[in-house]
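Visitor: model this:
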Amino acid sequence: MRAAVALLFVAACSPMAAVDPLPFEPAGPNATPEPSKLGPFPVGVRTVTHEDRRRPKPDGSPRLLITEIWYPATQDTRGKPTVSYDIRERFTEEQKAALVNVPLLETPAVRDATPAKSHGPFPLVVFSHGQGAIRWQSTFYTVLLASHGYVVVSADHEGGTLDYAVRNQLQDVGIGLGTRPVDAQYLITAYQRLPETDPLYGMVDPERVGVTGHSFGALTALRVAAIDKRVKVIVPQAPPSTDLFFIDLGKPDLGIPVMIQGAHGDRTLKWDDNVAPSWAAMKKPRWLLDITKGGHFTFSDICAFDLAAVSDSIKLDIPGANVKSVLNDGCADPAPKAAVAQPLMNHFAVALFNATLRNSQGSYALLTQEKADALAPGVSVVTADP
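Guide: Got it, this is the predicted structure:
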């Protein structure tokens, strides 16, 4: 009896007993959690500004990457105050007057929460925002990914952000073709080599890297995968055509799993001209999720702000584009509501990341039409070519 009690005491005082216990097992060889729901980790968030001095701007100052990092946090994070984002901060004082009723974007992430290092290291996923958007444009997706055991980093691409579009008027919708992939590569390198003084040191597994993004960010994911072999899987959402933007890369065989997510109802980047040729250019293993009646901004949080309703008064201007029509693309009937579409997108993206970066082989079985219809009958079409 004394020996048994002694063993229990030793076990209770051992490092294993001090490990932060999880409510359920994260994706792995023996676990296939539901990818459309929050994972076992609370989520922390940090904001860091990186300076890429190898790429100075015309005035000699370094290219800045203001970066949002979502990461798995310890269980004592639950119940603490969470982070919200105010899109009004991206507009001029004059424009803010027209945005008085725009809601905050609420998230379940906690600012500077304690990282869950005892369960790491974790795969790294780089998210790239759309043209004229912002690094936190898709928190429904980036925060969920972090909760499943990923370090997710997303930087503002200088010259292609909402702030820039508001203050300078976006004159070139193709800006960033060369700089964005290098931004993503910079982030991969930076988070593979975090110094010991960084709060997230030891959190990232440098061998497990994925890239994802929306619109021009989807193109960024495709281009990075074509030029950087560190990338093991990509999920481009509503991408432009690779026929146009791979022109300087030929027709590369990426050689990695790819899931393209798009919408037949996309008016900004029409399916036949963009998603269809991009899908045709991909090789096995590949998957395609079509939110059939969705639109371009179905794949973001922008619909929550209803900017289309105030686009005239805030005087947004993009050459050659009807801004109100663009901002309504995916935010109004017949597009599915966010509560319907977002779980679908999350299910398929997170399942593929879990299968490839967390070795959850059971997650491959979730990438089917049957699973899509179980979440939202008749809303999407899934094409699997594994």
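
Visitor: which strand runs longest in this protein?
Guide: Longest strand of the chain, by residue count under DSSP state E: strand 43-56.

Visitor: in the stretch 201-350 of the chain, which ranges drop under the pLDDT threshold?
Guide: Flagging of the stretch 201-350 of the chain using pLDDT under 70 yields the residue ranges 307-327.

Visitor: picking that back up, so what touches the longest strand of the chain?
Guide: Residues outside strand 43-56 that contact it (C-beta atoms under 8 Å, 6 or more residues apart in numbering): 62-73, 77, 83, 107-115, 143, 146-147, 155, 179, 182-183, 186-187, 190, 199-200. No exception for glycine: its C-beta is placed from N, CA and C like everyone else's.

Visitor: adjacent strands (with direction) for that strand?
Guide: The strands beside strand 43-56 in its sheet (DSSP bridges) come out as strand 62-72 (antiparallel), strand 110-111 (parallel).

Visitor: what does the shortest one rub up against?
Guide: Under the contact criterion C-beta under 8 Å, 6+ apart, strand 110-111 has outside partners 42, 43, 44, 45, 46, 73, 77, 80, 81, 82, 83.

Visitor: apply 6 Å and report the result again.
Guide: 44, 45, 77, 80, 82, 83 (C-beta atoms under 6 Å, 6 or more residues apart in numbering).

Visitor: just among those, which is most surrounded?
Guide: Within those, most neighbours by other C-beta atoms under 10 Å means residue 44, with 26 neighbours.

Visitor: bridging residues for that one?
Guide: So, taking DSSP bridges as the rule, residue 44 has residue 71, residue 110 as bridge partners.

Visitor: quick one on the thing from earlier: got the strands paired with strand 43-56 as JSON lines, with mean pLDDT columns?
Guide: Below are the strands paired with strand 43-56 laid out as JSON lines (pLDDT from 0 to 100):
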{"stretch": "strand 62-72", "mean pLDDT": "98"}
{"stretch": "strand 110-111", "mean pLDDT": "98"}
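
Visitor: tell me where the stretch 201-350 of the chain has strands.
Guide: Along the stretch 201-350 of the chain, counting by DSSP state E, counting those that start in this stretch, strands occupy 204-214, 233-237, 258-262, 286-291.

Visitor: do you know which of these lies nearest residue 227?
Guide: Proximity to residue 227 (C-beta to C-beta) singles out strand 204-214 among the strands of the stretch 201-350 of the chain, at 11.2 Å.

Visitor: buried ones in the closest one?
Guide: For strand 204-214, the buried set under the neighbour-count rule, 16 or more other C-beta atoms under 10 Å, comprises 204, 205, 208, 209, 210, 211, 212, 213, 214.

Visitor: what's the most distant pair in those residues?
Guide: So, these by C-beta to C-beta: farthest apart are 205 and 214, at 24.8 Å.

Visitor: and the nearest residue to residue 288 once chain neighbours are set aside, how far from residue 370?
Guide: Of all residues beyond its chain neighbours, the one nearest residue 288 is residue 383 (4.1 Å), with distances taken as C-beta to C-beta, 6 or more residues apart in numbering. Using C-beta to C-beta, to the nearest Å, residue 383 is found at 14 Å from residue 370.

Visitor: which of these two has more residues huddled nearby?
Guide: Here residue 383 and residue 370 are compared on neighbour count by other C-beta under 10 Å; more neighbours surround residue 383, at 12 against 9.
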